[in-house]
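Enquirer: Mind looking at a prediction? Sequence and model below.
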Amino acid sequence: MKVFEQLKPKVVLAVAAHPDDLEFSVSGTIAKWTAQGVKAYYLILTDGSKGTEDRSALPSDMTKLRRQEQIAAGEIIGLSDVFFEDFEDGTLENTMAVKKAISRIIRKVKPDVVLCMDPTFIYSLERGMINHSDHRAGAMAVIDSVYPLARDHLSFPDLLEKEKLEPHKVKTLLMTNFEDHNYGEDVSEFFNTKIKALAAHESQIPNIEATTAMLKNFMSINGKKYGFQYVEVFKRLDLSL
Ligand SMILES: [Zn+2]
């Protein structure tokens, strides 16, 4: 396995389909970095309106509630800001509109590191689960935005001409793939912060004790592979071009 130097970013952007996705995948890493003075931002692509089993809940109420939960979680891990897009939950596709929204934020905050899901993670035979189509479509849109759309001035020319957003080159892409990874970020000291941030998503996580036990087990198994107590795992891609 390739041995990477530790990342020392100044600005990072994490992008996901739904509120709570990033708490599961990257919040320990983000909490660690913000404690070191890194400026960190989230971009949530969908309105989160379908995330309930309560048949009396209105989609608009879900959107409002889940945004509040995401903002509260962001405060716990020290985010500088959370950006919300309004693409409909459950129907996200890798369209030019989604890619433009992501490219706009990349050009605005100018991250060294962008974090997202690995779009090639479609299902898990081991766990008997399918990775939500929004996760996959959103992640593919992030990759397309990092290269070439946010980077090249002739892509979305109005971003430069009208919004005065200069193109931006991202240095590293960290893609969450729980089963296939080449990089583990040591988050041992921030495991509890991660759990606090997850607990802010009350509407999605009814039993935080069970979630904590599951993550403790999973993150420590991966931790052993990288020589730490708890890690968050990624496919790390350092972009040379
Ligand atoms: Zn999700």
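Expert: Alright, I've got the coordinates. This one's a predicted model, so the numbers in the text were calculated from it and none came from an experiment. Numbering: from 1, shown residues only.
Enquirer: how about residue 90, what does it touch?
Expert: Neighbour list for residue 90: 46, 50, 133-134 [criterion: Cβ atoms under 8 Å, 6 or more residues apart in numbering]. No exception for glycine: its C-beta is placed from N, CA and C like everyone else's.
Enquirer: go with 10 Å
Expert: 17-18, 46-51, 132-134 (Cβ atoms under 10 Å, 6 or more residues apart in numbering).
Enquirer: Just give the nearest non-adjacent residue to the residue of the chain found nearest the ion, would you?
Expert: Relative to the ion, the nearest point of the chain is residue 18 (3.6 Å; Cβ to the ion). Leaving out its chain neighbours, the residue that sits closest to residue 18 by Cβ to Cβ, 6 or more residues apart in numbering is residue 48, at 5.2 Å.
Enquirer: The one you found is in contact with residue 63, isn't it?
Expert: Yes - look at residue 48 against residue 63 with Cβ atoms under 10 Å: they come within range, at 5.7 Å.
Enquirer: pretty sure residue 147 is in contact with residue 240, am I right?
Expert: No - if you go by Cβ under 10 Å, residue 147 and residue 240 don't touch, sitting 11.2 Å apart.
Enquirer: Between those two, which is the more surrounded one?
Expert: With neighbours defined as other Cβ atoms under 10 Å, residue 147 and residue 240 compare such that residue 147 has more, 15 against 5.
Enquirer: Please name the residues that touch that one.
Expert: 169-170, 173, 237, 239, 241.
Enquirer: Show the pLDDT at residue 19.
Expert: pLDDT for residue 19: 96.
Enquirer: do the same with residue 240
Expert: pLDDT, residue 240: 89.
Enquirer: shouldn't it be in contact with residue 170?
Expert: No - when contacts are counted by Cβ under 10 Å, residue 240 is not listed as touching residue 170 (12.0 Å).
Enquirer: if I look at these two, which residues touch both of them?
Expert: By Cβ under 10 Å, 6+ apart, residue 240 and residue 170 have no common neighbours.
Enquirer: Return the member of the contacts of residue 90 nearest to residue 177.
Expert: residue 132 (14.2 Å; Cβ to Cβ).
Enquirer: I'd like to know how many residues surround the closest one.
Expert: Residue 132, neighbours per other Cβ under 10 Å, totals 16.
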